[in-house]
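**Student:** here are the coordinates; sequence isn't available:
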């Protein structure tokens, strides 16, 4: 019985590849560099197969482990079709949950930065004869304010969370 390629040792695989390459070289030399049509067709199909594997992003040894469609039942197909919208809904839910702390931490900082930048813009416009709109002042003030206030805001929220957590757990420990 033939041995499956996956059951061979590395040395056996190398020997097989070497013998195949040598035989192919000899047969090509016997045909004066013009291989028979069957060989050219086989070569083309192998190239197409390799290109398809490349497009799919998999290797040849991974092909036997892929799920084959003919084994699927109607229920499997329905579940697979339902899985994508379910995964999208879960992703949106997680994103919505992640949005809440971001809003709590960053929205107040953004509002304060906007008001401070607007005040500084008006002051810079009043003091300057060159500035028309003062957009550069707005940008630099918002960036500086955000850099200086986001860290203290985060520390405050973490401290608040720690104190709140301890306050909630203490009655359970007594």
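**Tutor:** Sure thing, it's come through. This is a predicted model, so every value here is computed, not measured.

**Student:** in terms of helices and strands, where is the nearest residue to residue 124 once chain neighbours are set aside?
**Tutor:** Among residues not flanking residue 124 along the chain, residue 137 sits closest, at 4.5 Å (Cβ to Cβ, 6 or more residues apart in numbering). (C-beta placed from N, C-alpha, C; glycine too.) Taking DSSP states H and E as the definition, residue 137 sits inside helix 135-173.

**Student:** list the buried ones in that helix?
**Tutor:** Residues of helix 135-173 classed as buried: 137-138, 141-142, 145-146, 149, 153 (neighbour count, 16 or more other Cβ atoms under 10 Å).

**Student:** one more: stretch 118-125?
**Tutor:** Under the neighbour-count criterion of 16+ other Cβ under 10 Å, stretch 118-125 has 120-121, 124 buried.

**Student:** from residue 40, how far off is the spatially most distant residue from the centre of the chain?
**Tutor:** Distance from the C-alpha centroid of the chain, by Cα atoms, centre = their mean, peaks at residue 30 (51.4 Å). Applying Cβ to Cβ, to the nearest Å, the value for residue 30 to residue 40 is 16 Å.
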